[in-house]
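Colleague: when you get a sec, could you give me coordinates for this:
(one chain, ligands or ions: 1)
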Amino acid sequence: MTLTATASNRVANGTITKYTLPSASLGALTASVNVFVPDSAAQAPVPVLFYLAGLTCTEDTAAWKAGMFNTAGKEGIALVFPDTSPRGAGVEGEDDDWQLGTGAGFYIDATAEKWKRHYNMYTYVVEELPNALKAANLGLDFSRWSITGHSMGGHGALTIYLKNPGLFKSCSAFSPITNPSRVPWGIGAFTAYLETRTRSLPPAEWLPHDASFLLASTKAEAGSLHILVDVGTADQFLIAGQLTPEALEQAQQTRVADGRGVGGELTLRRQEGYDHSYYFISTFSPEHVEFHAKYLKA
Ligand SMILES: N[C@@H](CCC(=O)N[C@@H](CSC=O)C(=O)NCC(=O)O)C(=O)O
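Modeller: As a prediction, the model looks like this:
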């Protein structure tokens with residue numbers, strides 16, 4: 001698995017480099033990723049923060065618009081921006097709808113026959129890409145790894161974090177889809193990507209990919225979770241019922257009520273008047289990087 005650098009720019013006391021890599025998990029397609037490495041990585045390996053972007057985005061969207069570099073450069077944290085789906089898989093209909101297929105990988109491994117050769121963004125993000133970055137000796141320390149994301153990528157960050165207790169130091173999300181098995185975006189994606197045999201609503205096969213279910217049921221030790229979520233009150237997709245942050249709050253209350261969790265593991269903030277856009281993300285992204293720095297550098 002070799003990374004090939006295709007562009008490089010100096011930014012915020014570091015360098016952002018775009019790489020391509022051949023990806024086995026994405027069915028032998030070429031994937032693209034942007035990686036910001038602060039200069040301090042030349043002295044000692046630096047902690048890593050992954051940013052998972054939302055529907056219709058690429059590896060460039062947050063790199064260009066999220067405004068994370070100054071804080072990451074100051075804190076000495078590397079940033080990794082993966083793409084949001086395989087590109088050019090050739091699956092019938094994959095470019096017909098912005099909520100499914102290209103740009104909409106949902107950070108899960110597909111089990112449905114039609115999608116399962118290429119649509120494996122979970123394995124790509126959690127295993128293949130980190131292994132490629134480790135092998136490239138860029139000075140990244142994956143024993144100090146955190147994850148964040150926006151919308152579909154917020155769902156990705158929360159579910160990947162909750163599926164892998166202990167792998168990440170912290171998790172944050174901007175306007176995440178918190179309960180995909182019960183909202184239109186998630187129902188559409190899971191119906192397509194996941195082979196579903198059970199008739200329950202939501203189907204049992206969907207629940208391991210639902211952040212609210214995962215949070216309510218996780219066996220993570222009390223006090224071991226560190227999650228920050230920001231949602232804008234004027235978010236058009238919040239208003240349309242796609243994000244349902246109350247489901248995540250309810251899940252954490254369940255965890256605490258059962259004696260498996262403690263207060264403070266989840267901080268969910270409603271930011272007055274902000275929408276779903278990168279204007280919102282760039283306003284709060286420095287705080288998110290600082291939040292992760294606290295755990296990455298503890
Ligand atoms: N084309 C869509 C809008 C798509 C959109 O808003 N995408 C969001 C993520 S939504 C959840 O995952 C995004 O981040 N877009 C990139 C950007 O630069 O804003 C429509 O028709 O509504």
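Colleague: need the nearest residue in space to Trp134, chain neighbours excluded.
Modeller: Heads up, residue 134 is Lys, not Trp. Excluding its sequence neighbours, the residue lying closest to Lys134 (CB to CB, 6 or more residues apart in numbering) is Phe142, at 6.2 Å. Using the backbone N, CA and C atoms, a C-beta is placed for each residue, glycine as well.
Colleague: measure that neighbour to the ligand for me?
Modeller: Separation of Phe142 from the ligand (CB to the nearest ligand atom, to the nearest Å): 26 Å.
Colleague: now Asp60
Modeller: Separation of Asp60 from the ligand (CB to the nearest ligand atom) stands at 10 Å.
Colleague: how about that residue: what's its closest non-neighbour residue?
Modeller: Among residues not flanking Asp60 along the chain, Asn34 sits closest, at 6.7 Å (CB to CB, 6+ apart).
Colleague: for the strand or helix carrying that neighbour, packing partners?
Modeller: Assigned by DSSP states H and E, Asn34 falls within strand 29-38. Judged by 3 or more CB pairs under 8 Å, 6 or more residues apart in numbering; DSSP states H and E, strand 29-38 is in contact with strand 14-23, helix 69-75, strand 78-82, helix 129-135.
Colleague: highest mean neighbour count out of these?
Modeller: Stretch with highest mean neighbour count among the helices and strands packed on strand 29-38: strand 78-82 (a mean of 26; mean count of other CB atoms under 10 Å).
Colleague: other SSEs contacting it?
Modeller: Secondary-structure packing of strand 78-82 (3+ CB pairs under 8 Å, 6+ apart): strand 29-38, strand 46-52, helix 61-65, helix 69-75, helix 129-135.
Colleague: what residues of stretch 88-101 count as buried?
Modeller: 89, 91, 94, 99-101 (16 or more other CB atoms under 10 Å).
Colleague: need those residues in TSV (columns: pLDDT, secondary structure and distance to the ligand).
Modeller: What follows is the buried residues of stretch 88-101, written out as TSV (pLDDT from 0 to 100; DSSP: H, G, I helix; E, B strand; the rest coil; distance: CB to the nearest ligand atom, whole Å):
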residue	pLDDT	secondary structure	distance to the ligand
Ala89	98	coil	19
Val91	98	coil	19
Glu94	98	coil	16
Gln99	98	coil	8
Leu100	98	coil	12
Gly101	98	strand	13
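Colleague: among the residues you listed, pick out the one closest to Gly153, please.
Modeller: Closest approach to Gly153 among these (CB to CB): Gln99, at 14.0 Å.
Colleague: ok, the closest one to Lys294 distance?
Modeller: Distance, Gln99 to Lys294, by CB to CB, to the nearest Å: 35 Å.
Colleague: could you give the mean pLDDT of stretch 176-187?
Modeller: Averaging pLDDT along stretch 176-187 yields 98.
Colleague: which elements pack onto the longest helix along the chain?
Modeller: Across the chain, the longest stretch assigned as helix under DSSP state H is helix 278-296. In terms of contacts (3+ CB pairs under 8 Å, 6+ apart), helix 278-296 is packed against strand 46-52, helix 61-65, helix 69-75, strand 140-149, strand 171-174, strand 227-232, strand 266-271.
Colleague: show me what contacts Tyr193?
Modeller: Applying CB atoms under 8 Å, 6 or more residues apart in numbering to Tyr193 gives the contacts 106, 108, 110-112, 115, 119.
Colleague: ok, back up a step: nearest to Ser151, out of the helices and strands packed on strand 78-82?
Modeller: Nearest to Ser151 among the helices and strands packed on strand 78-82 is strand 46-52 (9.4 Å), distances taken as CB to CB.
Colleague: so is that closest one next to the ligand?
Modeller: No: interface with the ligand: strand 46-52 contributes nothing (CB under 6 Å from any ligand atom), its closest point being 9.7 Å away.
Colleague: tally of neighbours for the residue of the stretch 101-250 of the chain found nearest the ligand?
Modeller: Relative to the ligand, the nearest point of the stretch 101-250 of the chain is Ser151 (2.8 Å; CB to the nearest ligand atom). Applying other CB atoms under 10 Å, we find 25 residues neighbouring Ser151.
Colleague: can you pull the contacts of it?
Modeller: Neighbouring residues of Ser151 by CB under 8 Å, 6+ apart: 54-55, 174-177, 237, 243, 276.
Colleague: my read is that Leu207 contacts Ala216, right?
Modeller: No: using CB atoms under 8 Å, Leu207 is not in contact with Ala216; the gap is 9.8 Å.
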